[in-house]
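Enquirer: give me a 3D structure for the following:
(one chain, ligands or ions: 3)
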Amino acid sequence: MADEKKNIMDEIAEANKSVVTGIDEKDILHWIHISILGKKYRVPAGLTIMQAMEFAGYRFIRSCGCRAGFCGACTTVYRIEGDYRLKTALACQTRAEDGMYLVQIPFTPAQRANYDIEQLSPSIESLLRIYPEILKCLGCNTCTKACPQEIDVMEYIACGKRGDIEKMAEISFDCIQCGLCAIRCPAELAQYNYAQFARRLHGKYQLSIPEHLQKRIEEIRQGKFESELKRLMSAPVEELRKIYTSRVIEKE
Ligand code: SF4
Ligand code: SF4
Ligand code: FES
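Expert: Numbers count the residues shown, from 1 in each chain. Ligands and ions are numbered 1, 2, ... in the order given. I've put the predicted structure just below:
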């Protein structure tokens, strides 16, 4: 069984070499050594952590989505040899370094509440009703240091504690729900779920619906786009691609 696994991993590694680097192994001049889940590998310098792992033979079926820093799936915890600090990163956005000890965190089992937003308001009362544990924040700033998006996580939690839903929504706007703040929090909070809650409240109760959006919703309700939608649903992929790339993008 062990042999069978090794062979499959070797095959994947072999297949990935040309895909990841685009050049022959003999032509690669600079190599680094990294450790993945406790096993050492030699990989070409200059790859992202994700590419380096693929070069080493790992095939991502979890912990990988957009490969572009948006989906938050490729969360990684690492330490560099000789440094006591545990660091966090997105594997698709961070370059692999010599001496990295890496582990992927495919999923953070953080609590997310169910609620009926119609029964709530953008207030401290609503926030504390749904997520009372937010008051347990110790103000240690570990979450901010862990955030690959460089969001001031501790600050948006502080905004929540004083009921400033608008500011909480604003500060957390670039959150990609990766969960790295939550896995490091000594108070065991799920910061990003509270921030998502704040953004939902803010969007529903504090922002006004732009006039053109209201008009478009009305047109959809009246069935103005029904026949066009039906046509798109049955169009071949090539035609869809053409329509997508030549679409007119709305100006801000
Ligand atoms: S890591 Fe947790 S306890 Fe520390 S500041 Fe962030 S939310 Fe508060
Ligand atoms: S706030 Fe938390 S979940 Fe959001 S991007 Fe930063 S670390 Fe990830
Ligand atoms: S794969 Fe989506 S953020 Fe890295």
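Enquirer: ok, the closest residue to residue 58 other than its chain neighbours - how many residues close by?
Expert: Spatial nearest neighbour of residue 58, chain neighbours left out: residue 36 (6.7 Å); criterion: Cβ to Cβ, 6 or more residues apart in numbering. C-beta coordinates here come from the backbone N, C-alpha and C atoms, glycine included. Residue 36 is flanked by 21 other residues according to other Cβ atoms under 10 Å.
Enquirer: okay, and the beta partners of residue 36?
Expert: Taking DSSP bridges as the rule, residue 36 bridges to residue 39, residue 102.
Enquirer: any weak-confidence spans in the stretch 1-150 of the chain?
Expert: In the predicted model, the stretch 1-150 of the chain carries pLDDT under 70 at residues 1-22.
Enquirer: how many residues are close by residue 182?
Expert: Here the count is done by other Cβ under 10 Å, and residue 182 has 21 residues near it.
Enquirer: is stretch 199-206 in proximity to ligand 2?
Expert: No - in terms of Cβ under 6 Å from any ligand atom, no part of stretch 199-206 sits within range of ligand 2; the closest distance is 11.3 Å.
Enquirer: again with stretch 178-192
Expert: Yes - between stretch 178-192 and ligand 2, judged by Cβ under 6 Å from any ligand atom, the touching residues are 178-181, 191-192.
Enquirer: CA atoms only: put the helix or strand where residue 227 lies into PDB for me.
Expert: With elements delineated by DSSP states H and E, residue 227 resides in helix 226-233, which encompasses its position. The C-alpha trace of helix 226-233 is given here as PDB (Å, rounded to 0.1, in the frame of the first residue of the first chain):
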ATOM      1  CA  GLU A 226     -36.400  35.900 -19.700                       C
ATOM      2  CA  SER A 227     -36.000  35.100 -23.400                       C
ATOM      3  CA  GLU A 228     -32.300  36.300 -23.400                       C
ATOM      4  CA  LEU A 229     -31.700  34.100 -20.300                       C
ATOM      5  CA  LYS A 230     -33.200  31.100 -22.000                       C
ATOM      6  CA  ARG A 231     -31.100  31.700 -25.100                       C
ATOM      7  CA  LEU A 232     -27.900  31.800 -22.900                       C
ATOM      8  CA  MET A 233     -28.800  28.700 -21.100                       C
END
